[in-house]
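>>> sequence plus predicted model, see below.
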Amino acid sequence: MKSLLLSLVWLVAVPAAFAQAASAASASVNPAAVTAAAVVRHHAALVHASYEDTLTAARAMQKAITAFLAAPSPQTLAAARRAWLDAREFYGQTEAYRFYGGPIDDDHGPEGRLNAWPMDESYVDYVEGRPDAGLINDRKQPLTKKALIELNERGGEENIATGWHAIEFMLWGQDLSETGPGDRSFEDFIDGKRPNADRRRTYLRLITEILIEDLTSLVRAWAPGVKNNYRAAFERGGQESLRKMFVGLGSLSRGELAGERLEVALASQDQEDEHSCFSDNTHRDAVANALGIENVWLGRYRRADGRVLQGPGLRDLVAAHDAALAERTTAQIRRSVLATEAIQAPFDREIIGGADAPGRRRIQAAIDSLTQQSKDLVDAAAAIGITQLTLVQP
């Protein structure tokens with residue numbers, strides 16, 4: 001993906017209902033508390049909370065996977081799948097913290113190990129017509145965490161060996177159905193039922209451990225009260241930290257979510273371009289990403305236990321300079337959340353058909369809304385003195 005300079009002005013009318021919702025969203029924030037420093041500090045707290053919830057959910061997934069590997073059955077496999085889906089709801093919201101060289105995706109960041117896609121399944125395990133394919137079926141290949149980290153994306157971006165989607169593939173297998181997700185048998189993990197079941201168990205255990213370790217590193221990077229971690233520097237960053245927040249939101253809006261995850265699949269009509277293709281969870285990935293953008297904009301995050309973390313957000317800072325622009329942007333971001341929620345499962349059927357097919361129209365509506373909101377975010381940044389943003393484009 002390329003980074004291009006955006007400096008676009010785009011005006012839209014805001015319905016009264018959206019304007020009222022925008023005002024209500026920030027009603028709990030004291031205007032006197034809305035300073036750049038306060039927004040940056042609250043954002044750091046929000047980031048830490050959402051990574052913390054993601055790690056907690058991932059550990060619950062690890063527990064379910066451990067139980068499955070100890071006693072493979074339809075029931076334990078179903079529980080592991082459910083735990084993966086639950087954890088993805090939290091991780092998807094954290095992708096609003098990408099694209100500006102933070103802990104997730106700086107030169108040493110774990111993003112490529114955590115969420116790289118699309119995945120060549122045959123790099124890891126058997127696929128239809130190739131029963132001996134993959135690292136698992138090559139008994140000469142050592143299976144260690146160090147080896148798998150080194151093998152991730154070796155020889156090509158689709159040679160993915162670790163992360164959410166590798167775990168997803170191990171739990172669901174190839175999606176060969178037009179009406180549902182993959183249907184890997186639990187017997188793949190039972191000695192004597194399938195070749196290399198022992199290596200399949202080892203592989204799934206190791207990549208889950210790697211994911212937990214990478215998420216733990218992100219929680220530590222954003223932890224409060226640590227003198228030399230990323231959060232400490234971010235909180236001192238002033239206008240530059242605000243710029244990073246806008247870069248993350250604008251890049252996820254247009255380049256990643258609208259572009260790579262929706263537009264590409266809509267154009268190709270190819271299941272291989274679907275984000276979570278094995279589990280058919282792509283529709284929820286889109287919602288979680290859109291909600292993550294709204295979280296940052298509003299300075300609000302609903303924690304796993306139901307508590308709402310609310311404080312000064314970018315919306316409040318922009319409103320102090322241009323209230324109408326802030327309301328317009330808030331309304332547009334809310335439209336995007338609703339548009340992604342309208343996309344139906346399975347996503348790989350939504351992308352099929354002509355331009356007027358209902359599913360394709362739903363996806364196009366989400367793309368259009370996300371594209372518009374990226375333009376509004378550029379205007380919002382300009383309103384607080386950030387006149388140029390280098391955003392990721394599709």
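Happy to help now that I have it. Numbering: from 1, shown residues only.

>>> ok, the spatially most central residue of the chain to Arg98 distance?
By C-alpha atoms, centre = their mean, the chain has its centre lying nearest to Gly92, at 3.1 Å. Going from Gly92 to Arg98 by C-beta to C-beta, to the nearest Å gives 11 Å. For every residue, glycine as well, the C-beta is placed using N, CA and C.

>>> so who does the residue nearest to the centre of the chain touch?
Arg284, Asp285, Val287, Ala288, Asn289, Leu291, Gly292 (C-beta atoms under 8 Å, 6 or more residues apart in numbering).

>>> could you rerun that using 10 Å?
By C-beta atoms under 10 Å, 6 or more residues apart in numbering, Gly92 lies in contact with 54, 115, 164, 257, 275-276, 281, 284-292.

>>> okay, and the common contacts of Gly92 and Arg98?
With C-beta under 10 Å, 6+ apart as the test, Gly92 and Arg98 both reach Asn115, Gly292.

>>> quick one: average pLDDT of the longest helix along the chain?
In the chain, taking DSSP state H as the definition, the longest helix is helix 36-70. Mean pLDDT, computed over helix 36-70, is 98.

>>> secondary structure element for the residue nearest to the centre of the chain?
helix 74-94 (DSSP states H and E).

>>> inside helices: which ones of the contacts of Gly92?
The helices, defined by DSSP H, take in Thr54, Asn115, Trp164, Arg284, Asp285, Ala286, Val287, Ala288, Asn289, Ala290, Leu291, Gly292 from the contacts of Gly92.

>>> count of neighbours near the closest residue in space to Gly359 that isn't next to it in sequence?
The spatial neighbour of Gly359 that comes closest, neighbours along the chain excluded (C-beta to C-beta, 6 or more residues apart in numbering), is Glu350 at 3.2 Å. By other C-beta atoms under 10 Å, 24 other residues sit near Glu350.

>>> who are the contact partners of Glu350?
Residues near Glu350 by C-beta under 10 Å, 6+ apart: 262, 265-266, 269, 274, 282-283, 343-344, 357-363.

>>> quick check: the gap between it and Gly238.
For Glu350 relative to Gly238 (C-beta to C-beta), the value is 43 Å.

>>> where does the residue sitting furthest away from the middle of the chain fall, helix, sheet strand or coil?
Centroid-distance maximum for the chain: Gly192 at 37.6 Å, with C-alpha atoms, centre = their mean. Counting by DSSP: H, G, I helix; E, B strand; the rest coil, the backbone at Gly192 sits in coil.

>>> which residue, other than its chain neighbours, is closest to Gly173?
Arg184 (2.9 Å).

>>> please disregard the earlier target; I meant Ala67.
For Ala67, ignoring the flanking residues on the chain, the nearest one in space by C-beta to C-beta, 6+ apart is Thr76 at 5.4 Å.

>>> surely the one you found is in contact with Lys63?
No: the pair Thr76 / Lys63 is not scored as a contact, 11.1 Å apart, by C-beta atoms under 10 Å.

>>> so which of these two has more stuff around it?
Neighbour totals were compared for Thr76 and Lys63, and Thr76 leads with 19 against 14 (other C-beta under 10 Å).

>>> give the contact list for the more buried one.
Ala64, Ile65, Thr66, Ala67, Phe68, Leu69, Ala70, Phe186, Phe189.

>>> what's the answer for Gly299, then?
Gly299 neighbours (C-beta under 10 Å, 6+ apart): 25-26, 28-29, 34, 38-39, 42-43, 45-46, 309-317.

>>> for Ser122, see how far away it is.
From Gly299 to Ser122 the distance is 44 Å (C-beta to C-beta).

>>> which residue ranges form the strands in the stretch 151-300 of the chain?
Per DSSP state E, counting those that start in this stretch, the stretch 151-300 of the chain carries strands over the ranges 300-302.

>>> low pLDDT regions in it?
Nowhere does the stretch 151-300 of the chain drop to pLDDT under 70.

>>> still on that earlier bit, give me every residue that touches the residue farthest from the centre of the chain.
With C-beta under 10 Å, 6+ apart as the criterion, no residue contacts Gly192.

>>> any idea how far Gly102 is from it?
To Gly102, Gly192 is 47 Å away according to C-beta to C-beta.

>>> how about Arg205?
Counting by C-beta to C-beta, the gap from Arg205 to Gly102 is 29 Å.

>>> the two: who's more crowded?
Gly102 (21 against 17).

>>> how about that one, what does it touch?
Gly102 neighbours (C-beta under 10 Å, 6+ apart): Val47, Gly109, Glu111, Leu218, Ala221, Trp222, Tyr230, Arg231, Phe234, Lys244, Val247, Gly248.

>>> shouldn't the fifth one be in contact with Glu52?
To tie it back to what came earlier, the one meant is Ala221. No: with contact defined as C-beta under 10 Å, Ala221 does not count as touching Glu52 (11.7 Å).

>>> compare the two (neighbour count), which wins?
Just comparing Ala221 and Glu52: by other C-beta under 10 Å the higher neighbour count belongs to Ala221, 22 against 18.
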